[in-house]
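A.B. asks: Below are the sequence and a predicted model; questions follow.
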2 protein chains.
Amino acid sequence: EGVVKLQQPKAQPRTDEGKKNFILKTPKGTRDYSPKQMAIRERVFNTIISCFKRHGAEVIDTPVFELKETLMGKYGEDSKLIYDLKDQGGELLSLRYDLTVPFARYLAMNKITNIKRYHIAKVYRRDNPAMTRGRYREFYQCDFDIAGHFDPMIPDAECLKIVHEILSMLQLGDFLIKVNDRRILNGVFAVCGIPDSLFHSTCSTVDKLNKATWEDVKNEMVGEKGLSPEAADRIGEYVRLHAGGLGLIEQLVQDPKLSQNKLAREGLGDMKLLFEYLTLFGIADKISFDLSLARGLDYYTGVIYEAVVLQPQNAHREEPANMGSVAGGGRYDELVGMFDPKGRKVPCVGVSIGIERLFSIMEQEVEASKEKIRTTETQVLVATPQKNFLDVKLKLISELWDSGIKAEMLYKKNPKLLNQLQYCEDTGIPLVAIVGEQELKDGVVKLRVVATREEVDVRRENLIEEIKRRTCQP
Amino acid sequence: EGVVKLQQPKAQPRTDEGKKNFILKTPKGTRDYSPKQMAIRERVFNTIISCFKRHGAEVIDTPVFELKETLMGKYGEDSKLIYDLKDQGGELLSLRYDLTVPFARYLAMNKITNIKRYHIAKVYRRDNPAMTRGRYREFYQCDFDIAGHFDPMIPDAECLKIVHEILSMLQLGDFLIKVNDRRILNGVFAVCGIPDSLFHSTCSTVDKLNKATWEDVKNEMVGEKGLSPEAADRIGEYVRLHAGGLGLIEQLVQDPKLSQNKLAREGLGDMKLLFEYLTLFGIADKISFDLSLARGLDYYTGVIYEAVVLQPQNAHREEPANMGSVAGGGRYDELVGMFDPKGRKVPCVGVSIGIERLFSIMEQEVEASKEKIRTTETQVLVATPQKNFLDVKLKLISELWDSGIKAEMLYKKNPKLLNQLQYCEDTGIPLVAIVGEQELKDGVVKLRVVATREEVDVRRENLIEEIKRRTCQP
């Protein structure tokens, strides 16, 4: 093979053939999924979907693009990352940026006031891709949302329970779910003297605290966002409070300034209720009330949350090495009303599982464990040592297929038996059904177990039952 | 309700509120899937996927958009139906038009010379939508393809076996799979004196024969495509031959003109082989060799096929009322080579299942049968007749979820028992786990069977086992 490599230098641009002179690639920030990657992806999906179904969710689907105006004004400054379609006549369209705005549009359009649904689909963002860390321009979102007028914090607590269940089942190591509330943030900013007009941009700066130092965050507030140093320091006193649970909530309820703010009081009251429910669910120890959580999207109105996987080797719990957000969500009570012709509101709360990050982590784990992943489910290879036995093989495999057996054969008239056995080794097929002249005469098929090389003659009429028995198929 | 309708006239444009003055809709030619539609869709998908897996296929995925130049020059005149993305800086992108060209790009890019894969994903065509007949601008394709250098017609026959299996399992009524070969069409056109330059446009005219009369087709050939009336008549003699099997093949092999044409001879030889294999598979009776099948896409090079569902009430087999194509495909041996820098070819054959048509048919059948479709899998509702029992319900439902039971509760602190039971009736939940003061004291849960209204006290520690037993979950 070394010789071949010398003779065929790689990546030589071919200028002699004009029409072949294009770049063979997927668009920037996107990727193909190979069969092996799909097998891992299916595993993650199945865990997530089984959890959504366990909680009684229905499933919906919406188009990959929406009218441009449906998406406009919903994402704040992130709107610049939306992909538009070319104007080819007709409606102006954009690729969906998330699944939440299409969901709200769906509810308003169909006048649905009460639904619990999941939606797993690709969304599109013209972001700077960082593909090794699982950040793509085309990526899956797995969303679970509860819409309807209900008693406070019961659906919100269930969303957090779902995140807890999914991250536990995927066994990615320790994790933490940070929660906060837009109304508490609003109150904090108000008592610190930040004008409403700076709310969203101050939020996005505060949200950087998990990656940057307080100095850097303060510099951005003062230098770029136009806050006074004093206001920034006042914010700092709140958002740098150690994260916690009921204790921190009590501390803030007692805070002489914050307790004067109506929104903050509401938010803190609901946060207390939320922690009560989380305690009943037995998951409060993984949830951290964190004033520095201020995630971006404009449409959130109440509780917000974000889950991070902690690096297992990192022992310092206070400063977890952030492997990035793997789930996030919150309450958005106004979004549906923005679509309803009469402005009727449908309160919603939901969570989005960051499947690409989870998938990246799982992929690395599979790689490290050297686990061999099967990419097919084939139970038996139909083989023969004989020449000119294609008709016999075709008849046999057809019988197997018609009985629900997963079967393959090589697409050769006269393959070597060794090649047929090798194919089973390579692809993990557990059984070989061998039929030669003798077997044909005796009315049997030789069933070979690939792992043990054990061979046994099975009467043709018992073959299907025997294969099902050996592959544990009902 | 009649009064309400009178007071609230529908579709009144609201001019008093400017910002709400937009149209609440999905883009033209697209639709949402409701939970009920998704349930039917899942059913169809599961049938198709289990068939693909039975035949040992792997699965891949590719991005929804490709570089524009990847798609260019692959679809002939259909290229005008491709959706382009807006040039927002960077690469020029288009939405995929089918899954075949991305598959070929994937093979060439990854230097794969041998794969059997399926791919289920949405594709996009700026066509004139006819949504009642299942023709959309965004629609699913379910593709199965076999790539590699193999002995002739073995993979081709398997593709037809797959179509046969899927249409049989979906029980949509009688169906017919028409087959032809591009090389035979080529030969026919050549001996009729049609220049090569008119091959594709003549094909698309011939392909209309299943919907139009021969007179109309001839008129289009002569009037629009520029054929001489004599050439058109000569074509007519071939393409109007009654469809058939081995008999028709023999007839054409004996044809003094056609037998002189090398391509036609090759095509007829392979067609004969194909029918031999189809006979071994036991499916030849549903396959019809039909010279008038001349489906469109430029990239086909050998056998082509198309499956139609026949209206059951129509007894005249000769002229089946065409419910439209529900599957189609063929051999494309040159497409991968168009992407390979060295032009290396990977022969391919595949089939695409027209899921939207199948889905439309299934949906109408479900509608007609009045079958009640469940949209969730919830096994048990956690309920209480008591006030202030939210904490008890939250603890119980949490236990159930953690044991893998699919459970719901109403998101109310104090719902009426009647409303809780009604919810089960509405959504098809089979069991209710009722816990009140007495049950709590006795350490039991009252398990109610919704269908029979039978109630039985189950000890709390046996509840999970009992629910699993009653819902047949292992």
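C.D. replies: Arrived safely, thanks for sending. Numbering: from 1, shown residues only, chains lettered A, B, ... in the order given.
A.B. asks: ok so A:Val326 is a strand residue?
C.D. replies: Yes - assigned with DSSP: H, G, I helix; E, B strand; the rest coil, A:Val326 falls within a strand.
A.B. asks: any idea which element A:Glu158 lies in?
C.D. replies: helix A:154-170 (DSSP states H and E).
A.B. asks: hmm, that helix touching chain B?
C.D. replies: Yes - shown here: helix A:154-170 in contact with chain B (CB under 8 Å from any CB of the partner chain) through A:154-155, A:157-158, A:161, A:165. In short, each C-beta sits where N, CA and C put it, glycine included.
A.B. asks: could you dump those to CSV with neighbour count and pLDDT?
C.D. replies: Output for the residues of helix A:154-170 next to chain B, formatted as CSV (neighbours: other CB atoms under 10 Å in any protein chain shown; pLDDT from 0 to 100):
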residue, neighbour count, pLDDT
A:Ile154, 21, 98
A:Pro155, 20, 98
A:Ala157, 26, 98
A:Glu158, 25, 98
A:Lys161, 24, 98
A:Glu165, 22, 98
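A.B. asks: Might you report the residue contacts of A:Ala190?
C.D. replies: A:Ala190 is in contact with A:261, A:263-264, counting by CB atoms under 8 Å, 6 or more residues apart in numbering or on different chains.
A.B. asks: got the domain boundaries for chain A?
C.D. replies: What the record gives for chain A is the domain set A:35-369, A:380-470, from automatic domain parsing.
A.B. asks: what's the most buried one of the ones you listed?
C.D. replies: domain A:35-369 (a mean of 19; mean count of other CB atoms under 10 Å in any protein chain shown).
A.B. asks: Any idea how far apart the tips of it sit?
C.D. replies: Domain A:35-369 has an end-to-end distance of 18 Å (CA to CA, to the nearest Å).
A.B. asks: Check whether A:Val449 really touches A:Ile434, as I assumed.
C.D. replies: No - between A:Val449 and A:Ile434 there is no contact under CB atoms under 8 Å: 11.6 Å.
A.B. asks: Mutual contacts of these two, please.
C.D. replies: Between them, A:Val449 and A:Ile434 share the contacting residues A:Glu455, judged by CB under 8 Å, 6+ apart.
A.B. asks: Who are the contact partners of the residue in the stretch 201-350 of chain A that chain B sits nearest to?
C.D. replies: Per CB to the nearest CB, A:Leu280 is where the stretch 201-350 of chain A lies closest to chain B, at 4.2 Å. Counting by CB under 8 Å, 6+ apart, A:Leu280 makes contact with B:391, B:394-395, B:398.
A.B. asks: Can you tell me how far the residue most central in space within chain A is from A:Lys286?
C.D. replies: Residue closest to the mean C-alpha point of chain A, counted by CA atoms, centre = their mean, is A:Ile355 at 1.6 Å. As defined by CB to CB, to the nearest Å, A:Ile355 lies at a distance of 20 Å from A:Lys286.
A.B. asks: Report the secondary structure state of A:Met221.
C.D. replies: Classification of A:Met221 by three-state DSSP places it in helix.
A.B. asks: Does it touch A:Cys203 like I think?
C.D. replies: No - taking contacts as CB under 8 Å, A:Met221 lies outside contact range of A:Cys203: 11.1 Å.
A.B. asks: on that earlier part again, out of the contacts of A:Leu280, which are close to chain A?
C.D. replies: Taking CB under 8 Å from any CB as the test, chain A is in contact with B:391, B:394-395, B:398 out of the contacts of A:Leu280.
A.B. asks: from these, which single one is nearest B:Thr47?
C.D. replies: B:Ser398 (36.0 Å; CB to CB).
A.B. asks: Find the residue closest to the residue nearest to the centre of chain A in space, skipping its chain neighbours.
C.D. replies: Counting by CB to CB, 6 or more residues apart in numbering or on different chains, A:Ile355 lies nearest to A:Tyr140, which is 4.5 Å off, once chain neighbours are set aside.
A.B. asks: is the one you found in a bridge, and if so with what?
C.D. replies: Counting by DSSP bridges, A:Tyr140 is bridged to A:Lys122.
A.B. asks: Following the chain onward from the helix holding A:Glu158, which element is next?
C.D. replies: Counting by DSSP H and E, the next helix or strand C-terminal to helix A:154-170 is strand A:175-181.
A.B. asks: ok, now which ones touch A:Ala57?
C.D. replies: A:Ala57 neighbours (CB under 8 Å, 6+ apart): A:116-118, A:144, B:376.
A.B. asks: so which strand or helix has the closest residue to it other than its chain neighbours?
C.D. replies: Nearest residue to A:Ala57, sequence neighbours excluded (CB to CB, 6+ apart): A:Tyr118, at 4.5 Å. Assigned by DSSP H and E, A:Tyr118 belongs to strand A:115-124.
A.B. asks: Give me the contact list for that strand.
C.D. replies: A:45, A:48-49, A:52, A:55-62, A:64, A:82-83, A:95-99, A:103, A:107, A:137-148, A:355, B:35, B:64.
A.B. asks: can you list the residues of the stretch 251-400 of chain A near chain B?
C.D. replies: Within the stretch 251-400 of chain A, the residues that sit near chain B (CB under 8 Å from any CB) are A:277, A:280-282, A:339-343, A:375-378, A:390-391, A:394-395, A:398.
A.B. asks: mind listing which of these are in helices?
C.D. replies: A:277, A:280, A:339, A:390-391, A:394-395, A:398 (DSSP state H).
A.B. asks: beta partners for A:Val445?
C.D. replies: A:Val458.
A.B. asks: check contacts around A:Asp402.
C.D. replies: B:Glu165.
A.B. asks: coming back round to it: could you export the residues of helix A:154-170 next to chain B as CSV, including distance to A:Val326?
C.D. replies: Below are the residues of helix A:154-170 next to chain B laid out as CSV (distance: CB to CB, whole Å):
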residue, distance to A:Val326
A:Ile154, 24
A:Pro155, 21
A:Ala157, 19
A:Glu158, 18
A:Lys161, 16
A:Glu165, 13
